[in-house]
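Visitor: Following is a predicted model, sequence given first.
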Amino acid sequence: MTKRYGTFEAIQSISLHIKPGEIHGIIGASGAGKSTLLRMMNLLEKPDEGDVIINNKKINHLKGKEIRHIRQSLGMIFQGHNLVGNKTVFGNVAVPLEIAKVEKKHRTERVMESLQFVGLETFKDKYPRQLSGGQKQRVAIARAIVNDPKVLLCDEPTSSLDSTTTMEILEVLKQINQKLNVTIVIVSHEMDVIRSLSERVTVMADGQIYDVVDIKPTGVHKIKKGAATFVEQLKSGGDSNHS
Ligand SMILES: Nc1ncnc2c1ncn2[C@@H]1O[C@H](COP(=O)(O)OP(=O)(O)OP(=O)(O)O)[C@@H](O)[C@H]1O
């Protein structure tokens, strides 16, 4: 795929295959094209050349209703959680079901299942302003999985969170992959985040794929930072989160 903004090629003839069931990381410097590539996967950005193919079906020429239908199988979470301020937690998670015209009587059960999965069922009547950053992100995750997607696209899902909350969110993503069998594509500029979860990593630079690397995920616990780690980092002057 190629994506241009005016004459600038943000994505230059990229070809990438995401395997069903994998957790695929995308890493690269700021401006490398990571978000653009991710957003092309669910057609938030349309490629100027090339195709987005899901289950052997080209989706980039679909329109309106058909795109909305495809998007229901592609959940997405962002750095900013994009919750609706005047809706409760329950109301926010129910939005995709309303859009998909799921009957009201089935909505409650599905919303509560999603909230249970992220551990927030008791928060259903709270409003976003009453939640911590990590809790808001978990609501956004519940919203993204409420339609039972096959793929979850995550754009810097932890970059505004502290390290403990980051670990909790990554653990939720790992459970979604393992228990719900959802393929995950995660964009991050944080090496620790990518290493902890991903089985394959696409390294991007200047709108191109520099390499696709198979790795052994280190596990979410590895990025846990207790007080001792903070002291270690302060003494060494480093921050392994941004290594
Ligand atoms: N809507 C747009 N209009 C013009 N240029 C854009 C637009 N969106 C992205 N770009 C440019 O495309 C390039 C890739 O942007 P993208 O956001 O995909 O990079 P990124 O790797 O995700 O960076 P970051 O880590 O900073 O979010 C950048 O040079 C950016 O300025």
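Guide: Thanks, I have it.

Visitor: Please enumerate the helices of the protein.
Guide: In the chain, the helices defined using DSSP state H lie at 34-41, 64-71, 89-99, 104-117, 133-145, 163-179, 191-197, 227-236.

Visitor: between those helices, which gets nearest to the ligand?
Guide: With respect to the ligand, and counting by Cβ to the nearest ligand atom, the nearest of those is helix 34-41 at 3.3 Å. All C-beta atoms are positioned from the backbone trio N, CA, C, and that covers glycine.

Visitor: Columns distance to the ligand and mean neighbour count on top of the helices of the chain, output as a markdown table?
Guide: Shown next, in a markdown table, are the helices of the chain (distance: least, Cβ to the nearest ligand atom, whole Å; neighbours: other Cβ atoms under 10 Å):
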| stretch | distance to the ligand | mean neighbour count |
| --- | --- | --- |
| helix 34-41 | 3 | 21 |
| helix 64-71 | 19 | 13 |
| helix 89-99 | 24 | 20 |
| helix 104-117 | 27 | 16 |
| helix 133-145 | 17 | 23 |
| helix 163-179 | 16 | 18 |
| helix 191-197 | 12 | 23 |
| helix 227-236 | 22 | 10 |
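
Visitor: Make JSON lines out of the ones you listed and add mean pLDDT.
Guide: Formatted as JSON lines, the helices of the chain follow (pLDDT from 0 to 100):
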{"stretch": "helix 34-41", "mean pLDDT": "95"}
{"stretch": "helix 64-71", "mean pLDDT": "83"}
{"stretch": "helix 89-99", "mean pLDDT": "95"}
{"stretch": "helix 104-117", "mean pLDDT": "94"}
{"stretch": "helix 133-145", "mean pLDDT": "95"}
{"stretch": "helix 163-179", "mean pLDDT": "93"}
{"stretch": "helix 191-197", "mean pLDDT": "91"}
{"stretch": "helix 227-236", "mean pLDDT": "69"}
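
Visitor: Those helices into CSV, with extra columns for distance to Met1?
Guide: Below are the helices of the chain laid out as CSV (distance: least, Cβ to Cβ, whole Å):
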stretch, distance to Met1
helix 34-41, 6
helix 64-71, 16
helix 89-99, 26
helix 104-117, 31
helix 133-145, 23
helix 163-179, 25
helix 191-197, 22
helix 227-236, 39
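
Visitor: now for the ones you listed, which one comes closest to Asp51?
Guide: helix 34-41 (10.2 Å; Cβ to Cβ).
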